[in-house]
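**Q** Here is my input, please return the structure:
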Amino acid sequence: MSRGVLNCFQATKGFSVQRQSHPMSEFNKLTGVGPKRRKVLEAAGILTLRDLIYHLPRKYLDRTKLKRIDELRVGEDALFTGEVVRVEEAYNRLTVYVRDDSGMIPLVYFNGVQFLRKKFAEGRVLAIAGTPGFFREDLQLVHPETDPVQPGEVVKGYVLPRYPLTEEMAAAHVEHKFLQRIILEALENFTFSDPIPEELHEALNLVPEIDLLRELHAPESLENHAELRRQLKCRELFPFSLRLERRRFDRLKVGRTWKPDAALTAKLMAALPFELTGGQRQVIAELSASLEKPHQIQGLLQGDVGSGKTVVCLLGAASVLAGGGQVVLMAPTEILAVQHRQTLEPFLRSSGITFALLIGDTPREERETMLRNLQEGKLQFLIGTHAVFSPDVSYTRLGLVIIDEQHRFGVEQRAKLMQKGDFPDVLYMSATPIPRTLAHTVYGDLEMFLLKEKPKYRLPIKTRIVPPAKRADMLNFLLKEVREGNQVFWVVPQIGARETRNEDEGDAAVAFSSKEDVWNPNLLDKEEEDLLSVERLVKEVASFSTQWKVGYVHGRLSSTDKESALADFRAGRLQVLVATTVIEVGIDVPQANLIIIEHGDRFGLAQLHQLRGRTGRGAQQAWCFLPEPEKPWPPETAERLQRFCETEDGFAIAEMDFEFRGAGNLTGSNQSGFDGLRFTDLRSDFPLIQSVRELAREVLEGRKVVSSETLNRFALN
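**A** Take a look at the predicted model:
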């Protein structure tokens with residue numbers, strides 16, 4: 001099954017509002033659906049009759065206009081009539097010549113010649129549908145659909161739906177016309193309750209669901225198609241919007257107030273070795289003001305790479321710490337958790353705030369002492385990985401939860417941490433800026449804090465694509481930089497020759513298949529001989545010069561080995577660190593001013609930006625190199641990477657990544673409810689999204705009166 005078709009079926013299953021159910025046994029009542037076809041449908045994700053009626057056409061063939069033969073064009077599907085004037089059979093090929101008063105065209109068949117020969121008697125008039133193509137500079141149709149036309153019969157045009165099919169469906173003769181027939185039969189013979197109550201139809205300008213589906217599966221024309229798509233979008237957007245608004249609405253009823261504390265803030269500020277930017281001061285003020293409100297806040301702090309988000313969170317949390325609340329900072333990897341501890345330790349220690357680091361490798365005795373202090377309120381600030389929401393971890397007064405790289409945690413993981421306290425305030429941090437339309441749709445129930453300004457002392461990172469002929473020059477440049485005391489990150493997409501992807505690496509590497517819109521990591525298997533790995537690159541770089549020492553780090557190493565390699569790199573005992581994307585976040589080595597990213601075409605732009613952000617943290621000029629392979633990149637890939645080289649603005653890069661790769665790659669697979677948006681385009685449909693969200697808000701605030709029974713029909717919690 002192709003990835004595109006599979007995604008279509010998965011989206012159907014995820015469309016929870018539409019998924020009510022007729023049992024699988026109901027398939028047996030549909031004409032022509034026996035055990036074999038039912039099994040094929042189930043394998044394709046069509047498990048219920050509701051799944052079946054929402055197995056919508058992927059496109060339509062518009063055959064509403066009857067054409068003449070001289071109006072036929074290459075590649076344009078058409079319906080026309082013609083009289084059989086000659087039939088030729090040769091080399092197991094049947095050629096049927098048909099004509100009308102404007103010209104003649106051959107119909108060519110290669111299969112079932114003996115059976116087809118009987119259908120095409122000379123003088124018979126046929127209705128013919130298909131797509132013309134060229135053969136030796138002449139038009140012809142290969143295996144077109146034909147139906148006999150009786151004398152006096154008027155041929156009427158029609159619209160033919162084309163459904164997503166799997167190879168198994170085609171083999172079992174579950175094809176377009178068959179699917180249309182059984183879907184219309186299901187709509188006619190079974191009762192489906194409309195998930196959107198009738199009292200909301202007028203507000204959303206909807207027709208009943210059953211009427212909408214009939215027109216989608218058997219349209220008389222395509223004139224109304226845009227309106228039908230709008231209705232589909234409204235039907236999925238309203239429940240989605242209602243859930244978001246309900247979460248926002250419910251938070252207004254719970255939570256506590258945290259008063260700003262000038263004394264503690266001053267202590268923390270005094271420990272800063274640098275001056276805050278105007279953007280940092282503004283976000284700290286906004287965060288403090290939100291924490292002072294008498295209700296729970298859930299906010300999203302978006303900051304570009306190197307903008308100082310961690311320090312902003314600490315200063316914003318000062319009011320919680322001063323008010324006797326505990327703060328927990330959860331990171332997705334041990335490397336990032338350790339980095340946060342190293343960043344915050346000077347400020348916490350100088351201000352008298354008790355803190356600790358809790359990770360999977362924390363020694364047992366140290367962990368027991370830590371948990372006891374946490375439960376007794378003696379520990380104010382806890383930094384860690386998912387270990388911070390383990391069953392044996394309890395807090396005396398959890399006031400603020402900070403979740404870094406929140407898209408890497410599942411919904412259940414985030415919920416477990418928040419359940420540790422009595423409606424604590426929550427702040428999500430993201431170093432991958434989110435496009436505006438995506439943020440307002442997927443994170444529309446959160447307060448937004450934007451941190452765009454970088455510290456003034458940082459120079460722009462120079463990014464260059466390196467042609468194969470210039471690779472030696474690049475190596476010599478790196479060696480010169482190393483002699484001057486600088487260091488190099490060198491990123492590759494895989495660990496070893498047989499390794500293609502590791503869950504610990506995040507979105508480590510992706511490949512683009514020849515099929516439209518199909519990102520396929522398995523291509524790495526097929527092309528592994530052409531891919532540099534950690535193992536191969538360490539040998540190559542080490543053999544280039546004895547003047548540098550080369551180390552490596554990746555997700556399969558133990559925590560001890562990872563930290564040992566990073567400690568050697570930070571201390572300057574290693575000049576080159578070869579790594580997978582495990583270094584994407586949480587690594588801050590000011591003297592590492594160079595990064596080489598091999599196979600840059602296998603990463604999204606946002607991830608490339610994250611990797612590039614490992615450099616440029618010191619006073620010296622930083623460089624990012626993207627080596628080009630021997631086989632040139634496709635034009636669209638070259639354009640994408642060139643545009644990346646031309647900007648350092650993470651928010652602009654997020655918009656570009658949204659344009660090139662779509663929303664799913666930016667939000668990750670763990671976003672609650674997001675995968676259900678099957679019909680909505682988050683860019684072009686933004687005005688519709690806003691209007692539906694406003695209606696959901698009116699319903700919850702009582703401005704649009706809806707019965708409690710109606711609200712209870714939606715999964716709001």
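**Q** What mean pLDDT does the longest strand anywhere in the chain get?
**A** Longest strand of the chain, by residue count under DSSP state E: strand 78-90. Strand 78-90 comes out with an average pLDDT of 93.
**Q** Stretch 449-458 too?
**A** 78.
**Q** buried set for it?
**A** For stretch 449-458, the neighbour count (16 or more other Cβ atoms under 10 Å) marks Phe449, Leu450, Leu451, Glu453, Lys454 as buried. Placement of C-beta: from N, CA and C, glycine included.
**Q** got the end-to-end distance for that stretch?
**A** 22 Å (Cα to Cα, to the nearest Å).
**Q** Equivalent analysis for stretch 199-212, please.
**A** 17 Å.
**Q** for stretch 680-687, same thing?
**A** Per Cα to Cα, stretch 680-687 runs 11 Å from first to last residue.
**Q** Restricted to strands, list the buried residues of stretch 449-458.
**A** Those of those lying in strands (DSSP E): Phe449, Leu450, Leu451.
**Q** that older thread, other SSEs contacting the longest strand of the chain?
**A** strand 66-67, strand 93-100, strand 103-109, helix 113-117, strand 125-130 (3 or more Cβ pairs under 8 Å, 6 or more residues apart in numbering; DSSP states H and E).
**Q** thinking again about what came up before, okay, the buried residues of stretch 449-458 in TSV with distance to Gly324 next?
**A** Below are the buried residues of stretch 449-458 laid out as TSV (distance: Cβ to Cβ, whole Å):
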residue	distance to Gly324
Phe449	24
Leu450	30
Leu451	28
Glu453	33
Lys454	34
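**Q** Buried residues in the longest strand of the chain, which are they?
**A** Quick answer for strand 78-90 (16+ other Cβ under 10 Å): Ala78, Leu79, Phe80, Thr81, Gly82, Glu83, Val84, Val87.
**Q** neighbouring contacts of that strand?
**A** 63, 65-69, 71-72, 94-100, 104-105, 113, 117, 120-132, 149, 155, 157-158 (Cβ atoms under 8 Å, 6 or more residues apart in numbering).
**Q** Please tell me the pLDDT value assigned to the nearest residue to Lys456 once chain neighbours are set aside.
**A** Spatial nearest neighbour of Lys456, excluding adjacent residues (Cβ to Cβ, 6 or more residues apart in numbering): Thr277 at 6.9 Å. Listed pLDDT for Thr277 reads 85.
**Q** Would you agree Thr277 is in contact with Lys452?
**A** No. Using Cβ atoms under 8 Å as the test, Thr277 is too far from Lys452 to be in contact (9.6 Å).
**Q** Which neighbours do the two have in common?
**A** The contact sets of Thr277 and Lys452 do not overlap (Cβ under 8 Å, 6+ apart).
**Q** Over to the nearest residue to Arg570 once chain neighbours are set aside: give its phi and psi.
**A** Excluding its sequence neighbours, the residue lying closest to Arg570 (Cβ to Cβ, 6+ apart) is Val589, at 5.4 Å. Backbone torsions for Val589, taken as degrees, to the nearest 10, come to phi -120, psi 100.
**Q** Val589 and Arg256, how far apart?
**A** As judged by Cβ to Cβ, to the nearest Å, Val589 and Arg256 stand 40 Å apart.
**Q** before we move on, back to that, doesn't Ala622 make contact with the residue nearest to Arg570?
**A** No. Val589 is beyond contact range of Ala622, at 11.4 Å (criterion: Cβ under 8 Å).
**Q** who has more neighbours, these two?
**A** Ala622 (22 against 19; other Cβ atoms under 10 Å).
**Q** who's in contact with that one?
**A** Leu459, Ile461, Lys462, Asn593, Leu594, Ile595, Thr615, Gly616.
**Q** if you set the cut-off to 10 Å instead, what comes out?
**A** Remark: with contacts taken as Cβ atoms under 10 Å, 6 or more residues apart in numbering, Ala622 is in contact with 458-463, 486, 592-595, 612-616.
**Q** Can you list phi and psi of the residue lying closest to Gly130 once chain neighbours are set aside for me?
**A** Closest residue in space to Gly130, ignoring its immediate chain neighbours: Pro144 at 3.0 Å, by Cβ to Cβ, 6+ apart. With angles defined as degrees, to the nearest 10, Pro144 sits at phi -70, psi 160.
**Q** Quick check, Pro144 in contact with Tyr109.
**A** Yes. Counting by Cβ atoms under 10 Å, Pro144 does reach Tyr109; the two are 8.9 Å apart.
**Q** Tell me, how many residues neighbour Ala263?
**A** With other Cβ under 10 Å as criterion, Ala263 counts 10.
**Q** Over to Glu563?
**A** 16.
**Q** Any idea how far apart the tips of stretch 571-578 sit?
**A** 16 Å.
**Q** avg pLDDT for that stretch?
**A** On average, stretch 571-578 scores 92.
**Q** sorry, back to before: shared neighbours of Pro144 and Tyr109, anything?
**A** With Cβ under 10 Å, 6+ apart as the test, Pro144 and Tyr109 both reach Val96.
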